[in-house]
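Enquirer: Next come a sequence and a model predicted from it.
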Amino acid sequence: PDILKMPKEVMDEVGAKGIPQAEFSTLDKALPETDVLYVTRVQKERFEDPADYEKVKGAYVIDPTIMKAAKQEMIVMHPLPRVGEISPDFDDDPRAAYFRQMEYGLYVRMALLAMVLGKA
């Protein structure tokens, strides 16, 4: 949906740095070439009009059906918690990396705290 597009100024800045970009209007068109899919929730608090949020909140849902178009070697990441953007039916797929991501994040935070507290 247009309301979820990357802002033009971001696209311009990335383009000015020579970084290749591609814009897709549907997830199934982007998935075949994707190595890492980083999913986040649609942030309700960023919408001025609640009706706009309701229109787009389920626009992109990761589930086993949509993931048939994706590479078997890719991964799906998410910062958690999720709010409907990834179906629990996808959790057992080996490409679902978000629980590993959460676990590794815990260890990184523990190490950072140990360093800050002089325990490392």
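Expert: Here it is on my side, so go on.

Enquirer: Enumerate every residue touching the nearest residue to V36 once chain neighbours are set aside.
Expert: Of all residues not flanking V36 in the chain, I75 sits nearest, at 5.6 Å (CB to CB, 6 or more residues apart in numbering). Backbone N, C-alpha and C define where each C-beta goes, glycine included. Neighbouring residues of I75 by CB atoms under 8 Å, 6 or more residues apart in numbering: D35, V36, L37, R95, A96, A97.

Enquirer: Now for the third one: which residues touch it?
Expert: Applying CB under 8 Å, 6+ apart to L37 gives the contacts L31, I62, A70, M74, I75, V76, M77.

Enquirer: Looking at neighbours, which among these is most surrounded?
Expert: The residue in these with the most neighbours, by other CB atoms under 10 Å, is I62 (24 neighbours).

Enquirer: Name the residues linked to it by a beta bridge.
Expert: Bridge pairing for I62 (DSSP bridges) gives the partners I86.

Enquirer: so it sits right up against I86, yeah?
Expert: Yes: taking contacts as CB atoms under 8 Å, I62 lies within contact range of I86: 4.5 Å.
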